[in-house]
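Q: can you look at this prediction? I've put the sequence above it.
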Amino acid sequence: MKRLLLFTFLCGGLLMSCADDMDDEVRDASYMEIADFIYRGMNEIYLYKADVPQLADNYFSDEDAYKDYLASMDSPEDLFDDLTVALDRFSFITDDYIELENSFNGISKSTGVDYRLYLFSGSNDIFGVVRYIIPGSNAEGTAIERGDLFTRINGESLNTSNYASLLSSPSVTFSLAQLNGNTVEETGEEVTIANTEITENPILIQKVIEIDGKKIGYLMYNSFVADFDGELNDAFGYFKAENIDNLVLDLRYNGGGRVSSATRLASMITGSNTGEIFAKQRWNESYQNYFLATDPDGLFDYFTDHIDNNVAINKLNLNNLYVIGTSSTASASELVINGLKPYINVTTIGTRTTGKSQASVTLYDGENFARKNANPNHKYAIQPLVYESVNANDIVVPYEGIVPDIKIEEELDSFGTLGDPSEPLLAAAISAITGKAQKQSFASKRMQINYKEFKERNALKPNYKRMYIDELPSLNLRN
């Protein structure tokens with residue numbers, strides 16, 4: 001049976017639809033549907049459209065040239081890669097938008113062990129270290145804990161080729177290890193944990209620490225997930241009731257998330273800037289001009305005084321903020337740091353952050369790229385970068401990341417207990433607040449082995465280090 005496909009041909013900036021008989025097409029029809037969707041989406045809204053010649057509105061001489069270009073790619077993924085610029089580290093494509101949507105809501109398959117993997121220098125071999133255990137997960141209550149090392153999974157030594165499949169196994173057996181001088185040695189202890197679907201509350205720790213007559217609020221927040229904005233607001237209600245003097249915001253493992261949640265968090269910290277500019281958006285030329293002509297206010301994210309259902313936020317009205325960050329700190333986390341700097345004193349503690357200032361949006365193969373009535377023939381979606389964010393003073397997060405005011409590394413042999421005043425990074429933040437050195441229970445011996453950071457648990461998630469908006473702006477150029 002002949003199958004008709006709708007293609008979009010770009011000519012002089014106008015979108016024209018045309019149908020074609022695909023019987024003679026070398027490519028599988030489903031590929032061409034997906035490819036056409038990918039191209040249209042990238043041509044519509046990609047932040048770096050002007051830097052990709054084949055995305056120019058007049059690039060193709062006719063419809064056949066357009067189809068030939070799509071058909072020249074080996075896969076949807078190859079086409080997407082061909083339409084992104086080399087310096088774009090964060091746009092991505094997925095063949096399962098259900099998994100992507102779950103990850104945006106904090107839902108994923110996990111043992112409950114959060115880890116960072118390290119690569120032995122000059123080798124493809126890997127070892128891992130446990131950063132924390134997710135409360136309520138299968139890992140909670142087992143023998144594995146923060147600071148433990150592991151070198152094998154399910155009996156196999158970890159390397160750059162097998163780590164993803166092994167750690168994603170239905171059942172994961174960790175072979176624990178420890179440091180011994182300049183080597184990592186197995187202890188002989190094994191812990192087996194099943195991978196199951198869990199919903200992780202991004203608020204790992206909230207507490208008040210009293211030192212030298214000061215009440216210091218401590219919040220370890222691991223992801224900007226809108227479904228937990230209510231819990232975030234409750235945490236600030238707790239800090240407000242405790243009448244804290246200072247706040248330490250621990251974002252060391254927070255790779256980002258939803259822009260609206262970042263805006264709300266910043267608003268809870270200050271409380272006195274409602275209606276002022278938190279961040280400015282810079283889109284591609286077409287979208288920027290369209291916003292300027294029709295909805296210039298849409299180019300700004302403003303401090304707010306409420307969350308969903310018009311629930312009032314709990315405001316701390318702080319003038320100083322202390323943020324713990326590392327190389328795992330990215331996007332929406334950096335947005336909070338950068339967006340607050342024009343208004344209050346922000347002191348950063350830790351190591352250099354990732355360096356991501358751009359936001360993305362999910363595009364589906366549906367009308368106006370919306371989720372509703374998306375093409376049932378596939379579950380591909382694309383997540384292109386759509387705008388760059390700058391703060392009220394037009395300062396952008398550096399591509400190389402935010403350099404800490406107080407540099408201190410999270411040493412593998414002196415992790416300490418998260419939330420404990422003696423934990424090295426928190427101790428450094430408390431010292432900055434009180435002006436006094438804090439006692440550290442875990443004095444680093446400094447590992448003698450040569451290693452470097454490789455991957456972390458969140459790198460296996462489709463939304464890794466993403467800052468995203470909820471939906472495509474309704475004032476899109478297709479109208």
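A: That came through fine.

Q: what's downstream of the longest helix along the chain, the next helix or strand?
A: When the chain is parsed with DSSP state H, its longest helix is helix 29-45. Next along the chain after helix 29-45, taking DSSP states H and E as the criterion, comes helix 63-71.

Q: and the contacts of the helix or strand following that following helix?
A: Going down the chain from helix 63-71, the next helix or strand is helix 76-82, by DSSP H and E. Helix 76-82 has contacts (Cβ atoms under 8 Å, 6 or more residues apart in numbering) with 31, 34-35, 38-39, 42, 54, 70, 73, 91-93, 95, 380, 382. In short, each C-beta sits where N, CA and C put it, glycine included.

Q: how's this protein carved up into domains?
A: Following automatic domain parsing, one gets these domains for the chain: 4-85, 109-199, 203-444+460-468.

Q: quick one: closest of the ones you listed to Glu99.
A: domain 203-444+460-468 (5.8 Å; Cβ to Cβ).

Q: helix or strand: which one has the residue nearest to Asp305 when sequence neighbours are not counted?
A: Distance criterion Cβ to Cβ, 6 or more residues apart in numbering; nearest residue to Asp305, sequence neighbours excluded, is Thr274 at 4.5 Å. For Thr274, there is no host helix or strand (DSSP H and E).

Q: picking that back up, and the furthest pair within the contacts of helix 76-82?
A: Spatial extent of these (Cβ to Cβ) is set by the pair Gln54 and Asp95 at 22.2 Å.

Q: rewinding a little: thought the residue nearest to Asp305 was touching Ala312?
A: No. Using Cβ atoms under 8 Å, Thr274 is not in contact with Ala312, being 10.7 Å away.

Q: how close does Glu77 get to Asp95?
A: Per Cβ to Cβ, to the nearest Å, Glu77 is found 8 Å from Asp95.

Q: got the contact list for Asp308?
A: Residues near Asp308 by Cβ under 8 Å, 6+ apart: Ala226, Asp229, Gly230.

Q: from those residues, pick the one nearest Ile406.
A: Nearest to Ile406 among the contacts of Asp308: Asp229, at 29.4 Å, using Cβ to Cβ.

Q: residues near the nearest residue to the closest one once chain neighbours are set aside, how many?
A: Leaving aside its sequence neighbours, Asp229 sits nearest to Ile307 (Cβ to Cβ, 6+ apart; 4.8 Å). The number of residues packed near Ile307 is 20, by other Cβ atoms under 10 Å.

Q: repeat for Asn368
A: Per other Cβ under 10 Å, the neighbour tally for Asn368 reads 14.

Q: do Asn180 as well
A: Asn180: 10 neighbours (other Cβ under 10 Å).

Q: one step back: can you pick the most crowded of the contacts of helix 76-82?
A: Most neighbours among these, by other Cβ under 10 Å: Ile382, with 27 neighbours.

Q: is that one in a helix, a strand, or coil?
A: What DSSP: H, G, I helix; E, B strand; the rest coil gives for Ile382 is strand.

Q: before we move on, back to that, look up how far Glu156 lies from the residue nearest to Asp229.
A: 45 Å.

Q: buried sites along stretch 140-156?
A: Neighbour-count burial for stretch 140-156 flags Thr142, Ile144, Arg146, Gly147, Asp148, Leu149, Phe150, Thr151, Arg152, Ile153, Asn154 (criterion: 16 or more other Cβ atoms under 10 Å).

Q: packing partners of the helix or strand containing Phe174?
A: Element membership for Phe174, per DSSP H and E: strand 171-180. Applying 3 or more Cβ pairs under 8 Å, 6 or more residues apart in numbering; DSSP states H and E, we find strand 171-180 packed against strand 149-153, strand 183-194.

Q: what lines up beside that strand in the sheet?
A: strand 149-153 (antiparallel), strand 183-194 (antiparallel) (DSSP bridges).

Q: who's in contact with it?
A: 111, 113, 127, 143-144, 148-155, 166, 184-187, 189-195, 412-413, 447, 449.

Q: change it to 7 Å
A: For strand 171-180, contacts defined as Cβ atoms under 7 Å, 6 or more residues apart in numbering pick out 111, 127, 144, 148-154, 184-187, 189-195, 413, 447.

Q: now it - C-alpha only, CSV.
A: Output of strand 171-180 as CSV, limited to C-alpha atoms (Å, rounded to 0.1, in the frame of the first residue of the first chain):
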residue,chain,number,x,y,z
SER,A,171,20.5,-6.8,40.1
VAL,A,172,23.7,-5.1,40.9
THR,A,173,26.4,-6.7,43.1
PHE,A,174,29.0,-4.2,44.3
SER,A,175,32.4,-5.6,45.2
LEU,A,176,33.6,-3.1,47.8
ALA,A,177,37.1,-1.8,48.0
GLN,A,178,39.3,0.5,50.1
LEU,A,179,42.4,2.7,49.8
ASN,A,180,45.7,1.2,50.8
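
Q: what's near enough to touch Asn273?
A: Contact partners of Asn273, counting by Cβ under 7 Å, 6+ apart, are Phe303, Tyr343.
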